[in-house]
Structures are given as C-alpha cells and as structure tokens.
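**Student:** Whatever this is, show me its structure:
(2 chains)
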Number of protein chains: 2
Amino acid sequence: MDGEAQETHLLQGIPDNYGGVKVDLTEPMTVEDFVPKLSASLVAWRSQGKKGIWMKLADGLDNLIAPAKAEGFVCHHAEREYTMLTSWISELPNTLPANASRRIGVGAFVLNKNTREVLVVQEIDGHFKGTGVWKLPTGVINEGENIWEGALREVEEETGIKTKFVEVLAFRESHQAFLERKTDLFFLCELEPITFEIKIQDSEILAAKWMPIEEYVNQPWNQKKEMFRFMANICLKRSQEMEYMGFSTVRTMGRENYLYCNSDHANLLNATRGLASISTPTPR
Amino acid sequence: MDGEAQETHLLQGIPDNYGGVKVDLTEPMTVEDFVPKLSASLVAWRSQGKKGIWMKLADGLDNLIAPAKAEGFVCHHAEREYTMLTSWISELPNTLPANASRRIGVGAFVLNKNTREVLVVQEIDGHFKGTGVWKLPTGVINEGENIWEGALREVEEETGIKTKFVEVLAFRESHQAFLERKTDLFFLCELEPITFEIKIQDSEILAAKWMPIEEYVNQPWNQKKEMFRFMANICLKRSQEMEYMGFSTVRTMGRENYLYCNSDHANLLNATRGLASISTPTPR
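**Tutor:** Just a heads-up that it's a prediction; the model follows:
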C-alpha cells in the first residue's frame, strides 16, 4: 500500500542498457503536478545509482521544458513531435552520446548514357537565383527516408523523371551555420533514368533540361569552387569511362537496413545471395 | 516617428534566399510581450508575401515555445543551445526543408598489418554487456566534428591507441527508434595504428586487446546477424588482399570541408595538387 502510494508521486521510467532511465511523457501535465514528481524521481534515481536520464516530452508538453531545465536537464534534440531532454545525475564522467545530428542532402547525377546528357535544373529561389547556373537536382532527405530513396524522390518531384538508384559516387562533409540551411553531409548519387520527358515542379523549379555533360561540367561556377569542381569531375569521369567506382547498396535481411559499400563487393554480395535485383532498389 | 514606433512592436527578422524570414531571439521576453509582437509580425510578413518563417529561440526562452506553437509554429529541431521553430505562412506548397537529422556513428577498424591483429574492446554497459563479445571501438561523433576525426578520437579515448585515418570502408543506414540510442548512419572506418600499447578508459571500457582478425570475424555474433557479418567480412577482405577499396578524404581549399570519394581518385586529386599528405588527415 505504501509502495503504491509512493509510486504515484514518481515519474514512470524504464531502465536502459547503460545504467540510465528513459521517461516518455505524452499526457498533458501541469507544472505544479510535474515539478514535485520530477524532484522525487531524481532523488529515487540517484539512490538507485542511475546515471543518465532521458526525458521525452511530446509536442504539447512544452510547458514542462523550462521547469525540467531548472532541475538540471538540457535539451538533447527535438523533432516536430517531441523534445528530448537529458540529465546526467552520476558522479562518474558523463557518457551520454552527443546529439551530433547532421542534416543530410542529396545531389542526383542522372545520366542519359545514349546521349551523354545530364539532367539539370535552375531553381526559382536559393543561392543561384538569377545566375543562370544549371545545377544537378538536389534536396534534403526526409525523416525516416533512405538516402537512395530521397534522391529518387527529389528528381521525380523536381523534374518528373523516374530513375533507378545506381551508386553513391562521393559525399561531402561540411560544418556550416544552421540558418544558412546548408546540409552538412551531402551525398552525390548516380541515378539511371527510366523516363526522359521533363515535367517541372512549378513551385521550386524555374527550368530543367538535358544538357551535354561537358557543357555542365565546364560552367564557370563549376570550375571556380574546388568542391564543386571535384564533384563535377567525378560525374565527368563516370560518364566517360565508367572507371570510377562508388558505393552500392546491399539490403540486409530482417529490418529494412542498407549497407553502402564498394560496388564490386556489393554486386558480389547480392549475387551470392540471389538478390542481385536489390542492388538497384526500388521505393517501398 | 510613426515608422519607428511601429517597428518596436514587431520582431526583428532578416530575409533569407527563399522568400522567407529568419528571426533569432536571444534576450529573455515575457509571453505578454512576445505574443502581440509575433501576431503583428505575422500580419506584416504575410502582407509582404513572405513564405517560410524560421524562429530560433535561445536556451532560456522556452517560455515562448508554447505561445509560438499556438500561433502556428512547429518545432523543426533543437540543440542544447536553442530551439528552432518554423511556420509556413504562404498559400503556396510548403517547401521548407525537413529536419532530416541523422545521428552519426563510427566504428573503427584498426589493423596491425604486421601481426594481422585488430583492435577490439568489451564495453562496461550497452547491448553486449556480459556476452563476452569483442567488438570494434565505436562511438558517436560530436557536433562540428568530422567523421574521420570522430573515429580517431573514439579509438584514442577508449584504448589509448593513436591512429591515422585511412578510408571509409562502408556505411550503414538504418531507421530505428531513437530511445534505443542507435545511430542511423554508421560509418565503418579503417584507421592505421601509430601506437600499440593499450590503456583502457575505465568509465566505459571493460577490456581491450589486439585480436587475430579471423578470430574477431568468426565470433558467432558476427556471423549471426547479416549486417554485422557483411561488415566483418569487409574488414577481413581488406586485411587479406587490400583489394577492397573504400572512400578516402580530400580536403578542399578554403573552408575546412572534406570530400570522401573513391580512394584511387582521391589519391590522384591529392597528388596532382601536391597535397598527398592530406589524404591521411590529422586532427586540427
């Protein structure tokens, strides 16, 4: 009886594999109800030798963020649906993993091998607005979306062209101010076109066309900045000799996870499993 | 005079390249002060034809999150230092990029080529606690840290071994519940050891040693789950023949950005620029 009564004054938490506790709050709660429960829970967790506390507050419980921070929590990360707070309550060194979240972008190199033309666009807004520069279709992958899927989606949304994923040719890592909306991991993907008739997305795309690969690469802007020059030249090399080899996907059994690895090796893995077709995955 | 008076009732915003506005609030504000300013600002922005509004609330301004959401904002993402809210106020289709944040992990394949032994650890806590499984050093990269840097840091922290970055051998993409603390992009990196004497990190690591590569690969756990088997076998192949080729880094001029691409190509790029040494980068 006493145990039960005490239980109602604590937040429900479940232990994790790291000597910590995970609390998942989804029901509205007043600050007056929350603060004493949180204080009592912290006392209990400390006495149990717990280390890291993860507290997930669903959208709508934003009134609890400031009181939790007043009790020592910090924001770990947030999404539209929730805010994740953490607190390290142990005397040991803090081993909670950093958020280290990266925004992931994709650029699509869609090559028509018969004509050696590449699919390029001009965007209505953005960095190259009004410059006349033709660029590869690019975009940001969605939550829960695979990189290769994001590349296919962006190309179809922007230009109407349907494609198959071929390889990740390279990726770029950069650290830029968030508000510039630059992604900090950018994957250059080769896609193979299945359809060729362009239908542009009116809201974002000013123009799209098939452009001879050399003409694309030789645009002054592509030659000026080293990172762009390197990526453009990888596309050129790929179009000329197919000697450049990137990473292909292997879908593993069970959960839908993908390994991206050396393409020769991926082909071997897929072939030996009788799953060669999965080396060019199609959307779910 | 009228213009100035009106100005004080609006939030300060600066235009972005996409027809939007960026608001960066850092000073404490009461809800009573904030709400009328936000309402008036939204009226002004709508009349100016603005589309996406980005509002960055510094840590400490958490009292403004709920009122902003009541005015139509949603949480885009958050870090320890701030919460980023967005609102799409145009009739046009919403083109604000999704957060699409990924947690990035690294696993380090540190091979002593002379003995064909690989550096392995057992962690105090975590998924393999008490199983006797020997695993590669792994970790989560920090905010603003490069992938290759994170791999070097984790190895040195966990085992005391100093290394040089060689290649990204493969990467894995998975979509798992956050609270499991699984990363959703995991980069398998080959590192070359510079020192060999192990000194373990007491707080996280139970044991560390150099283990013959075949013994590491043949652990039952490494053979059971397909994703682990594939990655272990890439390490084995790499150790046997050096025929497997991954992605190396090329540091580009100007800002400290890295391109990861086919290693032959990266060596060529670095060599032609007289920067071959940068193909094995060292920490900043």
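
**Student:** which stretches of chain A form helices?
**Tutor:** For chain A, the helices defined by DSSP state H cover A:2-7, A:31-47, A:65-70, A:147-159, A:213-217, A:220-224, A:226-241, A:263-272.

**Student:** Next, the buried residues of the second one.
**Tutor:** This means helix A:31-47. For helix A:31-47, burial by neighbour count (16 or more other Cβ atoms under 10 Å in any protein chain shown) applies to A:34-35, A:38, A:41-42, A:44-45. C-betas here are computed from N, CA, C, even on glycine.

**Student:** Where does pLDDT dip in the stretch 1-150 of chain A?
**Tutor:** The stretch 1-150 of chain A contains residues with pLDDT under 70 at A:1-8, A:100.

**Student:** at 90 instead, please
**Tutor:** A:1-9, A:16-18, A:77, A:79, A:92-104, A:124-132, A:140-146 (pLDDT under 90).

**Student:** Could I get the full set of strands for it?
**Tutor:** A:14-15, A:21-25, A:52-58, A:74-78, A:82-88, A:101-112, A:117-123, A:138-140 (DSSP state E, counting those that start in this stretch).

**Student:** for those strands, which one sits closest to residue B:26?
**Tutor:** strand A:74-78 (15.4 Å; Cβ to Cβ).

**Student:** And the closest one, how far out from the chain middle?
**Tutor:** 18 Å (Cα atoms, centre = their mean, to the nearest Å).

**Student:** That one vs strand A:82-88, what angle?
**Tutor:** Comparing the axes of strand A:74-78 and strand A:82-88 via axes from the mean of the first three to the mean of the last three Cα atoms, to 10 degrees yields an angle of 150 degrees.

**Student:** Using PDB, write out every CA atom in strand A:74-78.
**Tutor:** Presented in PDB, the C-alpha positions along strand A:74-78 are these (Å, rounded to 0.1, in the frame of the first residue of the first chain):
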ATOM      1  CA  VAL A  74      19.300  20.200 -21.000                       C
ATOM      2  CA  CYS A  75      17.900  19.800 -24.500                       C
ATOM      3  CA  HIS A  76      19.400  16.900 -26.400                       C
ATOM      4  CA  HIS A  77      17.400  17.300 -29.600                       C
ATOM      5  CA  ALA A  78      13.900  17.800 -30.800                       C
END
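
**Student:** Is any residue of it near chain B?
**Tutor:** Yes - Strand A:74-78 reaches chain B (Cβ under 8 Å from any Cβ of the partner chain) through A:74-78.

**Student:** Which of those residues lies at the shortest distance from chain B?
**Tutor:** The shortest gap between chain B and any of those belongs to residue A:78, at 3.5 Å (Cβ to the nearest Cβ).

**Student:** these two touch, right, that closest one and residue B:77?
**Tutor:** Yes - Residue A:78 lies in contact with residue B:77 (Cβ atoms under 8 Å); the separation is 6.0 Å.

**Student:** and residue A:220, how far is that from chain B?
**Tutor:** Distance, residue A:220 to chain B, by Cβ to the nearest Cβ, to the nearest Å: 17 Å.
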